[in-house]
Structures are given as C-alpha cells and as structure tokens.
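Asks: what shape does this take:
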Amino acid sequence: MKGDDLSPPVSLDPEIRFSATMAEACRAPQAVLLTGATGFLGAYLLKELLHQTQARVHCLVRAQDGNAALARIREGMAFYRIWDETLAERIVPVIGDLASPRLGLGEEGFKALGRGMDALYHAGAQVNAVYPYARLKAANVSGTEEMIRLASLGPAKPLHFVSTLAVYFGDEYQGREVAEGEAPHSAQGLHGGYKQSKWVAEGLIREARQRGLSATIHRPGRIMGDSGSGIMTRHGDLLTNLLQGCLHLGLYPRVETRINFAPIDYVSRAMVYLSLHPPARGKDFHLHNPVSIHWNELWEVIASLGYSVKGVDYAQWRECIQGQAGNSPERRLFTILHHLLRSPIQLFAEKPDFSVSMTAQQLAGSGIECPPVDHRLMEVYLNYLLEQGYIPAPEGGALKAPLPTGEGLG
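Replies: This next block holds a predicted model:
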C-alpha cells in the first residue's frame, strides 16, 4: 500500500462525543487502563505507572483467563528484570483484544470499563516491519478508535497515545527539522503498513481532540535497551540485529548517516511523568535522544571497547550478509537481517531532524534526562549481548575499560 493510498483518511465515528468536565482523578489517578503491557515498552510503562502512581493498573491482554493474562505480564516483566512481586496486587488483567469491536469486552463490559477508569494509556499495537496496512488496520487503527470511544464514557478522562516518529518518514519532512506540535499531515512516500497505520491513528486522535478529548501524543524514535542493565527487547529489532551481525562478521558498512536511539528506561519514565504533569496534558512529545550519532563514529567507539571491526563498502557488506544467511552457524541471525534490510524500516535512509524542545521544557526539574550514547552506554549494551551469547567476545575475552565520563559521541 502506497502512502498516497491513505487518502481520504479514516474518519472517527460521529457518535463519539466528550463531556466538558475532566475527571479530577486524572491528577492522581486511582484506576488506569494500559494496553500493550506484554510488549517491551508496555512492560516498562507498567513498571513506571506502578512506581509513579498509586493507581490500580488494568492491563488489556489477549488470554484465556485472568490467571493466564497475569502470567503473561509477569513473564514479560521478569524477562526484562523489572517484575516486583510486592506491586503485583495492583495489576488487574482485563481479557480483551485491540483488533475486536469494543476491545472484545462486549457492550456492557466495555461501558463498565470506560466508566471506571481515570486515565487511558494506549501503547498496544501490532508491530510488523513487512505487513501491509490492511493487515494492521484492525489492531492499530480500529483499536485506537475503540480507545477513543472508551475515553468518552463516564467523566472525561485523558488518553495518552503512543505513536512513533516514523509517521514523519514521508517525502515532505526529509532534510528538515520537525517541531513537536507539527501534525504529520502528509503521508506521501510513507512506506510500510506499521508507519501508515500509526499515521492514520494519529489522525483519529487529532479529530477526537477537536471534539473535546484531552489526548497526549508520545512519539518515541528508535528504542534501545535499559541504560542500567542493558537488557533489550526479546523480539529483536533492526539495530540490535545489525550490531550482532556486524560483530560476527567483523565488518560494518561504511555509510554517511546518523543514528538516533534512546534507552527504554528513559522513554518510559519520561512518558509517565509527562502524563501526570498537568501542563503537559494534551500536547505532543518527541521521545528522542537530543544528540544523534554518526554511524561510522559509533563503530569507532565499539572498536575502542576491544572489537576488531573493519568498515567496508555497503554493497560488499550486503553480499557478505547474504552469503552468511546460507552458510554461517549464525545463519538464522543473518537470514533475519537479510529480510529486515529489504523491509520498509530503512535504517540508513535520510530522516528528518526532530525537535525535543517541548519535551525538554516539560521535563525540566524532573531529573529525567536521556543518557548520551557514549562509551559507557555502549559498554552496558555490549556486556548484555555478551552475557546472552548473542555476540562473540572481543580480543582478550573482555571489553576494555570505557573512556572517562564525558567522552561521548556526536
């Protein structure tokens, strides 16, 4: 599906309307709904909601029953080493499905849930790099409409929507800075069903705002591992797979591009803080590292930590990846990498610059700052990948000591 096939965009159900009075409980919510709690970002958002509020967190999960749903949540958080048994009593599983009408709860169950919530956090989505828009629409677009409908039931309540900076990867925004309040109106040249579905879903959010919904849009960029533990998404992503593949090859592609990523713990802490900060409500935020990293400089840092890696022409590197996909003991990794490089992810494509001035302004004084991508952060990530057996050990068997604090990239 091409970007220009998204017009005209999906329209919000005209029956959805909002009361004028915001629920007082939204300042100190006692009951919130979170979608996506079994995913990487969702698990960290659940952790932050449990720590930054006293609310009972109702988690929409696909499962046979409440016990199975709670087991899925526990297993995911335990994998990321953030499960806290002492807070488990405040987690309330809700059996449902984003891709189903009324979230699969039935009319009465849906109404009861909406009337009982003080705030909604919509982080759930079907994420796939190769699926077309039509295959993702039910969960990502219709599911968002159902969350907007839920927000209209009972006292008005804020909706916090997790989008992506990739909604700006269309033609209009390349080579320029995008402000946080600039709506992504054009989808021309926006490739990939996931990006397209988020673009349409944002349109629904903006239409709901015009009808009175207090909705905040949080747009993360590329999310990487925890800055403390180094732990990364268990499902993998293109950048993590690239790091693994290049270290197994001892080769990386020399390309003129900059890479930007932010640790998961920063993104989740900032998002929940902003959701509870009254001056931030109803605005748009970019959860983006203030400093991008040149791709080749990143590999210089990795080399300084003990790895012997050589930069080669991109075409030569792609041939090596393709060859390893058939012959290497790590062929599963290289096969995944080979397919991802052919997907619409476009890691090395030119991207816009993203302003984070509004985000920085609203986070001022909170103590929440995005860690710089420096030698110390890369040491944390590489140590985690080594611990898991995902990458070979460097020469000498261990990483070299990082440079003193302050020696960053950029």
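
Asks: where does Q346 land on pLDDT?
Replies: If you check Q346, the pLDDT there is 66.

Asks: what's the answer for G326, then?
Replies: Looking at G326, the pLDDT reads 72.

Asks: host element of it?
Replies: According to DSSP states H and E, G326 maps onto helix 314-327.

Asks: over to F285. Which of the three states is it?
Replies: Under DSSP: H, G, I helix; E, B strand; the rest coil, the three-state class of F285 is strand.

Asks: give me the number of residues near the residue nearest to it when sequence neighbours are not counted?
Replies: Spatial nearest neighbour of F285, excluding adjacent residues (Cβ to Cβ, 6 or more residues apart in numbering): T359 at 4.6 Å. In short, each C-beta sits where N, CA and C put it, glycine included. Look at T359: counted by other Cβ atoms under 10 Å, it has 26 neighbours.

Asks: what's next to the helix holding G326, contact-wise?
Replies: Applying Cβ atoms under 8 Å, 6 or more residues apart in numbering, the external contacts of helix 314-327 come out as 245, 248-249, 251-255, 312, 330-331, 334-335, 337-338, 341, 348.

Asks: and that helix, what's buried?
Replies: Going by neighbour count (16 or more other Cβ atoms under 10 Å), the buried part of helix 314-327 is 317-318, 320-321, 324-325.

Asks: can you spell out which helices and strands pack onto the helix or strand following that helix?
Replies: For helix 314-327, the following helix or strand on the C-terminal side (DSSP H and E) is helix 331-341. In this structure, helix 331-341 makes packing contacts with helix 238-249, helix 314-327, judged by 3 or more Cβ pairs under 8 Å, 6 or more residues apart in numbering; DSSP states H and E.

Asks: can I get the first one in PDB, CA atoms only?
Replies: Which is helix 238-249. What follows is helix 238-249, C-alpha atoms only, in PDB (Å, rounded to 0.1, in the frame of the first residue of the first chain):
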ATOM      1  CA  LEU A 238      17.000  -4.000  13.200                       C
ATOM      2  CA  LEU A 239      19.700  -2.100  15.000                       C
ATOM      3  CA  THR A 240      20.300  -4.800  17.600                       C
ATOM      4  CA  ASN A 241      20.400  -7.400  14.800                       C
ATOM      5  CA  LEU A 242      22.800  -5.200  12.900                       C
ATOM      6  CA  LEU A 243      25.200  -4.900  15.800                       C
ATOM      7  CA  GLN A 244      25.200  -8.600  16.300                       C
ATOM      8  CA  GLY A 245      25.700  -9.400  12.600                       C
ATOM      9  CA  CYS A 246      28.500  -6.900  12.200                       C
ATOM     10  CA  LEU A 247      30.300  -8.200  15.200                       C
ATOM     11  CA  HIS A 248      30.100 -11.800  14.000                       C
ATOM     12  CA  LEU A 249      31.400 -10.700  10.600                       C
END
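
Asks: which other residues reach it?
Replies: 129, 222, 224-225, 232-233, 252, 259, 261, 299, 302, 307, 309, 317, 320-321, 324, 328, 330, 333-334, 336-337, 340-341, 343, 345, 347, 381, 385, 390-392.

Asks: filter those residues down to the buried ones.
Replies: Using 16+ other Cβ under 10 Å as the burial test, the contacts of helix 238-249 include 129, 222, 224-225, 232-233, 252, 259, 261, 299, 302, 307, 309, 317, 320-321, 324, 328, 330, 333-334, 336-337, 340-341, 343, 345, 347, 381, 385, 390-391 as buried.

Asks: what about the residue lying closest to I336 once chain neighbours are set aside, how many neighbours?
Replies: Of all residues not flanking I336 in the chain, N241 sits nearest, at 6.0 Å (Cβ to Cβ, 6+ apart). N241 has 17 neighbouring residues, counting by other Cβ under 10 Å.

Asks: got the buried residues for the longest helix along the chain?
Replies: Identified as the longest helix of the chain according to DSSP state H is helix 193-210. Residues 193-209 are the ones in helix 193-210 that count as buried (16+ other Cβ under 10 Å).
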